[in-house]
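Participant: Here is the input, now give the coordinates:
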Amino acid sequence: MQKLRLSVVQYLNTAPLVWGFLHGPQQGQAELSFTVPSACAEALRTGAADVGIIPSIAYQTIPGLKIIPGVALVAHGSVESVLLVSRVPAAEARTVALDQSSQTSAALVRILFARHWKTQPRYLSAVPDLEAMLGRADAALLIGDPALQFALNSVALHAREHLGQLFVYDLAGEWHRLTGLPFVFALWAVRADKVTPELTRLFTGSREFGLSRLDDIVAAAALQLNLPPAGLARYLSDSVRFSFDEEARAGLEAFYRAAHELGLIPTVRPLEFI
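Facilitator: Numbering: from 1, shown residues only. Sure, this is the predicted structure:
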């Protein structure tokens, strides 16, 4: 039988979800390719992948996808890996550089500026280089491992020394302050023609194996990212959650409604699970 083709975001926060496919009981049952969030969505759109960890906003723009239930990347407060870094208070920012690999976080930024900070800055697409981004704009969106590196090691101190005073906003925390709800950053989604009865068991099994091996994941990531193990352990244990429950669903549906009201998605498609 042909193996499932998985497209996976190459950030630390996806490691617990795919650890079983890499090192555990699910090993050998799928072919994994690693890339940035926007490219994961495109792989599902074009059929280059069967299943992907897609930015949650992409579910609304790619027809024919089903959601694998119970598994997601969720923040119930501050997340540490999705940051707005600004030279001025957010409400005073006139230009914002968005990480070009981002879809969901870019939409979240636009919602927060419109609803939370009550302003409408101009947005620019940029590679995730903080100094270059802030050379072009008042504020910059950092996501994933670059944001973690800014938050957890000397990169933050270096930036403050070279760029002056910086204002840092954790966007999941700001969303929670605005709505009181969790924020769902990514979902496992599958093309409808690839749905099989065992998918839920397969993907929840990989997650459970990963969560049982967080010490191994942290040790590997600390070396790869040159970040302190204690900070990474806190991030994976507390800042990010890996289950999709009713509270997370309410947060996701609120995000979709806000995105639609701002014209970021044409309609709000109901959630469809396998």
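Participant: Distance of Ala189 relative to Gln27?
Facilitator: Going from Ala189 to Gln27 by CB to CB, to the nearest Å gives 22 Å. Quick note: C-beta positions are derived from backbone N, CA and C, even for glycine.
Participant: who has more neighbours, the two?
Facilitator: Just comparing Ala189 and Gln27: by other CB atoms under 10 Å the higher neighbour count belongs to Ala189, 27 against 13.
Participant: and the nearest residue in space to Trp188 that is not next to it in sequence, what does it touch?
Facilitator: In space, and not counting its chain neighbours, Trp188 is closest to Ile68: 4.0 Å by CB to CB, 6 or more residues apart in numbering. By CB atoms under 8 Å, 6 or more residues apart in numbering, Ile68 lies in contact with 51, 187-190, 199-200, 203, 273-274.
Participant: same thing but 7 Å
Facilitator: 188, 190, 199-200, 203, 274 (CB atoms under 7 Å, 6 or more residues apart in numbering).
Participant: These in strands, which ones?
Facilitator: The members of the contacts of Ile68 that map onto strands under DSSP state E are 188, 190.
Participant: pLDDT and neighbour count added to the contacts of Ile68, as TSV?
Facilitator: Shown next, in TSV, are the contacts of Ile68 (pLDDT from 0 to 100; neighbours: other CB atoms under 10 Å):
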residue	pLDDT	neighbour count
Trp188	98	29
Val190	98	24
Leu199	96	19
Thr200	96	17
Phe203	98	27
Ile274	96	17
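Participant: can you give me the strands for the protein?
Facilitator: Secondary structure of the chain (DSSP E): strands at 4-9, 30-35, 51-55, 65-75, 82-86, 95-99, 122-126, 139-143, 167-170, 183-191, 241-243.
Participant: Generate TSV for those strands, with distance to Leu44 as supplementary columns.
Facilitator: Conversion of those to TSV gives the following (distance: least, CB to CB, whole Å):
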stretch	distance to Leu44
strand 4-9	7
strand 30-35	12
strand 51-55	5
strand 65-75	7
strand 82-86	22
strand 95-99	20
strand 122-126	21
strand 139-143	19
strand 167-170	28
strand 183-191	6
strand 241-243	20
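Participant: Out of these, which is closest to Ala151?
Facilitator: Relative to Ala151, the nearest member of the strands of the chain by CB to CB is strand 82-86, separated by 6.6 Å.
Participant: Report pLDDT for Ala43.
Facilitator: Reported pLDDT at Ala43 in the predicted model: 96.
Participant: Backbone dihedrals for the residue nearest to His23 when sequence neighbours are not counted, please?
Facilitator: Of all residues beyond its chain neighbours, the one nearest His23 is Arg213 (7.3 Å), with distances taken as CB to CB, 6+ apart. Here is the backbone geometry of Arg213 (degrees, to the nearest 10): phi -120, psi 30.
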